[in-house]
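Engineer: Curious how this folds, go ahead:
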Amino acid sequence: MRTTIIFLVLFVFATSAQRFIKITEGAIVNDGGDSRSVNWVDHDRDGDLDLFVSNGKNGGQNNFFYKNNGDGTFTKIDSLAINLDNSPSVGASFGDFDNDGFPDLFVSTWYNKKNFLYKNNGDGTFTQLSSSSVMADFTYSETGTWGDYNKDGFLDLFVTNSAGNTRNLLYTNIGDGSFTKQPQTGFLTDQYFSRNADFIEYNGDYLPDLFVVNESGQNENLYTNLGTGLFNRVIHPTLLNNGGSSISSNYEDIDNDGDMDFFISNAEGGRNWMFLNDGQNNFTKVSEPFNTDVANSFSSSFGDIDNDGDLDLFVSNAFNSTGTPMTNYLYINQGNGSFVRDTISLASQTGWTYGAAFADYNKDGWLDLFTANCFGANQNNSLYRNSGGSNNWLIIDLEGKRSNHDAIGSIVKVKVTENGIPDG
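Structural biologist: So this is what the prediction gives:
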């Protein structure tokens, strides 16, 4: 999968609130399941985004895969290897680990099961790599993230675990289609209840660092890449000293000041956290509305839903203390580092929503939304089409040449004209 980014290049202020239209027809919104994660990907490189949904966590359900027909509709495909594992699939992550131009797939499982690695054959099918070291361990894995931590041009894989011996796993890509599991020394000896991880660029040396969120009252972990194949744990008084029940994280430039900020979602009736970066890796926790909205949040997705040049935020919620489905949250970026919770778009949409992701599935330049739901292990998932507006956009499709093919780790900077005034 090549990295595709949508940027606004000319701002025109919107005159009305953003609207999402809920899609009600098609298998994509009428397949009940115990759905956990949402993964948009152009698996066949035909130019439009297909959809993979993982189902877990107790097992007994196959995953869902929907091929984009290019006309705003999808066809469900049941015969792919990635649909047939019948295991407690929790997270999933696409990455072109063999640099052949087609996105491969890692699926994490729970309940002391083996994870799955699938090679994309380039013809619309996948092959399970059962002999890979990635599939050798029995784990309680939550998520996997791809990144070229040793800068050799091939994507490596980091996997979080939340139970069992709780140690996380790092697999180094050898470059011939195989992986070597790194010994559990150094930072891999840390035992936390880890739910999510991201390779990020934290300290300006352009080496992929690791940010890991942990649940059960544990602090988050940030590991800086030393460039030698080793990572060093960072001590940070604000960012890494909160002790919540963190489930997922996002690393984005929320206030358009050129540095990366953090959003961390928390479960168990806590509060979510947003941290703004001052450019020197000093972080300030944003208060409202995040300190007032009670959350049982399992995922978040940033996207500029109104094409006004700043990133808005969708946060998925599962259930409250009585098991009642909670309302999901949509926050509109005000352009000054603050957010206002939207009370019109998606305000009445509830469910045990675990996964969510924005994507422009119909290629009209406006970000749409899909949510993975799991109430009763048979709740339908949801697709919302963005009704659009008058603002403009730019699509950039990155392809690595000397780096990994997906161009993961790239930094793109765009200068724009706003109301006739060029960006300095």
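Engineer: which SS class is Ser300?
Structural biologist: At Ser300 the chain is in strand, as set by DSSP: H, G, I helix; E, B strand; the rest coil.
Engineer: Okay, it and Tyr171: tell me how far apart.
Structural biologist: 26 Å (CB to CB, to the nearest Å). For glycine as for every other residue, the C-beta is placed from the backbone atoms N, C-alpha and C.
Engineer: just Asp261 next, same as before
Structural biologist: As judged by CB to CB, Asp261 and Tyr171 stand 29 Å apart.
Engineer: between the two, who's got more neighbours?
Structural biologist: Set Asp261 next to Tyr171 and count neighbours by other CB atoms under 10 Å: Tyr171 wins out with 25 against 22.
Engineer: In a helix, the more buried one, correct?
Structural biologist: No - counting by three-state DSSP, Tyr171 falls outside a helix, being strand.
Engineer: tell me the contacts of it?
Structural biologist: Ser133, Val134, Asp156, Leu157, Phe158, Val159, Phe179, Thr180, Lys181, Gln182 (CB atoms under 8 Å, 6 or more residues apart in numbering).
Engineer: which of the residues you listed lies closest to Asn112?
Structural biologist: Val159 (14.2 Å; CB to CB).
Engineer: Give me the contact list for the host helix or strand of the closest one.
Structural biologist: Per DSSP states H and E: Val159 is located in strand 156-161. Where contact means CB under 8 Å, 6+ apart, the residues beyond strand 156-161 that reach it are 95, 97, 106, 108, 115, 134, 139-150, 167-173, 179, 194-197, 199, 210, 212.
Engineer: Distance from the chain centre to it, please.
Structural biologist: Once both centres are worked out by CA atoms, centre = their mean, to the nearest Å, strand 156-161 turns out to sit 14 Å from its chain's centre.
Engineer: if we can go back for a sec, which one of the contacts of Tyr171 is nearest to Asn381?
Structural biologist: Val159 (24.7 Å).
Engineer: Run a quick neighbour tally on Thr75.
Structural biologist: Thr75, neighbours per other CB under 10 Å, totals 13.
Engineer: quick one: contacts for the closest residue to it other than its chain neighbours?
Structural biologist: Leaving out its chain neighbours, the residue that sits closest to Thr75 by CB to CB, 6 or more residues apart in numbering is Lys67, at 4.9 Å. Contact analysis of Lys67 by CB under 8 Å, 6+ apart lists Asp44, Asp50, Phe74, Thr75, Lys76, Ile77.
Engineer: got these as CSV, with pLDDT columns?
Structural biologist: Output for these, formatted as CSV (pLDDT from 0 to 100):
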residue, pLDDT
Asp44, 96
Asp50, 98
Phe74, 98
Thr75, 98
Lys76, 97
Ile77, 96
